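Q: Below: sequence and its predicted model.
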Amino acid sequence: MTGLAGQLDVWAAELGFDAVAVSDVNLRDAEPGLAAWLAEGCHGEMDYMARHGMKRARPDELVPGTLRVISVRMNYWPQAADAQEALDDPARAYVSRYALGRDYHKVMRARLQKLADLISAEAPHGYRVFVDSAPVLEVELASRAGLGWRGKHTLTLNRRAGSFFFLGEIFTDLPLPVDRPEEPHCGSCRACLDACPTGAIVAPYRVDARRCISYLTIELKGAIPEALRPLIGNRIYGCDDCQLVCPWNRFAKITAEPDFAPRHGLDRATLVELFAWTESDFATRTAGSPIHRIGFERWSRNIAVALGNAPSSPDIVAVLRARAEDASELVREHVAWALQRHALGPRSLRGRSQASVR
């Protein structure tokens, strides 16, 4: 098992992973925090979180016979237009950096399967591969394996790679030697808490999804709460603010994976340009992308909100009016809200204080 564990590093590197490590399956001390988070309703409408309950913290219940979890990470920080510049330009659309390229589920799952097959050739084993696809406490497992530590924004942080990376797991019944956890290195820093546009990081290590822009623009299926819309700014799919301000991300590395390169100019696109897409345009241009899963209706909803937050211009008002009678009631409601915002006058609406809408 020791020799096999050493071989994991070689195979993982050959498959494009940036690191690999092994943990045991005892996550019992993570259960109280998970239970409290669920009890407070911080998961919002993600009902599957509550439905799976403590199974997330019990790998050997999710996959009976599991003795170890092999965790991997893969950098995704792309060679793209500057993220902060995009956020600072209210006419541009901001898409979370992880979603600019190909769907990471597809990329990583295929590589993890190959890694599991290589292991099987040396030591046949029972296993399952996961890439954000089942009730898995992946940050907890990665932290215990030594791939990093849980930051105050709840994401995994690494001293040499920051946080712009994906995680994936192989649950196995092989008794591999486990790696050492890494001590946390956030100290007294609270940059991520202070930077969150909606105050979703309600305390260190606790995010209330109901306020999180990633949840609001991706997971939430209905209307975005009006009080939170002005705080979304031009973020139309996800949010990176807590990562962009993190001091450890000065060590983030540009990904070597070509599949994560920006597609269809999404790192430079304007809101007007994207709102003019037809449903057919959306289907074609987001095929194979993480964005595809939210569908055209929610994509349009998100852009309508961002257009409502942008400074008034004839182009913005025109593109909103063109969809004022959209077939979707959800889109119509958000377009009406955006048009009402522009009726306030030709000025930037981004300067409202958070306190005024909470």
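A: Arrived safely, thanks for sending. Numbering: from 1, shown residues only.
Q: so where is the protein shaky, pLDDT-wise?
A: Flagging of the chain using pLDDT under 70 yields the residue ranges 344-358.
Q: Mark out where each domain of it begins and ends.
A: 2-83+96-172, 205-245+264-357 (automatic domain parsing).
Q: Tabulate the ones you listed in a markdown table, adding columns for distance to C189 and mean neighbour count.
A: C-betas here are computed from N, CA, C, even on glycine. Listed next are the domains of the chain as a markdown table, based on distance: least, C-beta to C-beta, whole Å; neighbours: other C-beta atoms under 10 Å:
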| stretch | distance to C189 | mean neighbour count |
| --- | --- | --- |
| domain 2-83+96-172 | 7 | 19 |
| domain 205-245+264-357 | 10 | 18 |
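Q: which stretch among the ones you listed comes nearest R180?
A: domain 2-83+96-172 (5.1 Å; C-beta to C-beta).
Q: Any chance of CSV for the domains of the chain, columns distance to C186?
A: As requested, the domains of the chain are exported to CSV (distance: least, C-beta to C-beta, whole Å):
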stretch, distance to C186
domain 2-83+96-172, 5
domain 205-245+264-357, 9
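Q: wait, which of those domains is closest to L193?
A: When the domains of the chain are compared (using C-beta to C-beta), the closest one is domain 2-83+96-172, at 6.3 Å.
Q: Report the separation between the two terminal residues of that closest one.
A: 15 Å (C-alpha to C-alpha, to the nearest Å).
Q: again with stretch 146-161
A: End to end - C-alpha to C-alpha - stretch 146-161 spans 13 Å.
Q: For the protein, which segments count as strands?
A: For the chain, applying DSSP state E gives strands covering 19-23, 68-75, 94-95, 127-130, 149-150, 156-157, 165-172, 201-203, 206-207, 235-237.
Q: Would you format those strands as a markdown table with distance to D259 included?
A: What follows is those, written out as a markdown table (distance: least, C-beta to C-beta, whole Å):
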| stretch | distance to D259 |
| --- | --- |
| strand 19-23 | 18 |
| strand 68-75 | 10 |
| strand 94-95 | 16 |
| strand 127-130 | 18 |
| strand 149-150 | 27 |
| strand 156-157 | 21 |
| strand 165-172 | 11 |
| strand 201-203 | 30 |
| strand 206-207 | 28 |
| strand 235-237 | 18 |
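Q: Of all those strands, which one comes closest to P184?
A: Of all the strands of the chain, strand 149-150 comes closest under C-beta to C-beta, at 4.3 Å.
Q: And the lengthiest helix in the chain, how far out from the chain middle?
A: The residue-count maximum for a helix in the chain (DSSP state H) belongs to helix 104-122. Centroid separation for helix 104-122 versus its chain: 22 Å, with C-alpha atoms, centre = their mean, to the nearest Å.
Q: what does that helix rub up against?
A: 4, 7-8, 11-12, 15-17, 20, 70, 72, 74, 76, 98, 125, 127, 129, 131-133, 166, 168-170, 172, 174, 257, 259-260, 288, 290 (C-beta atoms under 8 Å, 6 or more residues apart in numbering).
Q: which stretches of the stretch 251-358 of the chain form helices?
A: 271-275, 279-285, 295-309, 314-321, 329-342 (DSSP state H, counting those that start in this stretch).
Q: could you dump those helices to TSV with distance to A203?
A: Shown next, in TSV, are these (distance: least, C-beta to C-beta, whole Å):
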stretch	distance to A203
helix 271-275	33
helix 279-285	37
helix 295-309	27
helix 314-321	37
helix 329-342	31
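Q: So which of those is nearest G33?
A: helix 295-309 (29.9 Å).
Q: residues touching the closest residue to T286 other than its chain neighbours, list them.
A: Leaving aside its chain neighbours, T286 sits nearest to H292 (4.2 Å; criterion: C-beta to C-beta, 6 or more residues apart in numbering). For H292, the contact set (C-beta under 8 Å, 6+ apart) comprises 103, 283, 286.
Q: And for A209?
A: A209 touches 42-44, 46, 200, 215, 219, counting by C-beta under 8 Å, 6+ apart.
Q: Distance-wise, check it relative to P175.
A: 36 Å (C-beta to C-beta, to the nearest Å).
Q: and if you look at E182?
A: On the measure of C-beta to C-beta, E182 and P175 end up 23 Å apart.
Q: Those two: which has the busier surroundings?
A: E182 (19 against 11; other C-beta atoms under 10 Å).
Q: Distance-wise, check that one relative to D315.
A: E182 is 49 Å from D315, where distance means C-beta to C-beta.
Q: same check, this time on R97
A: For R97, the distance to D315 - C-beta to C-beta - is 26 Å.
Q: Just name the closest of the contacts of H292 to L34, please.
A: Nearest to L34 out of the contacts of H292 is D103 (C-beta to C-beta; 26.8 Å).
Q: Test my guess that the closest one contacts P290.
A: Yes: D103 lies in contact with P290 (C-beta atoms under 8 Å); the separation is 4.9 Å.
Q: which residues do the two both contact?
A: By C-beta under 8 Å, 6+ apart, no residue touches both D103 and P290.
Q: related to what we said a few turns ago, widest-spaced pair of the contacts of A209?
A: Maximum distance among the contacts of A209 (C-beta to C-beta): 13.9 Å, for M46 and A200.
Q: what's the overlap in contacts for these two?
A: Shared contacts of M46 and A200, counting by C-beta under 8 Å, 6+ apart, come down to 209, 215.
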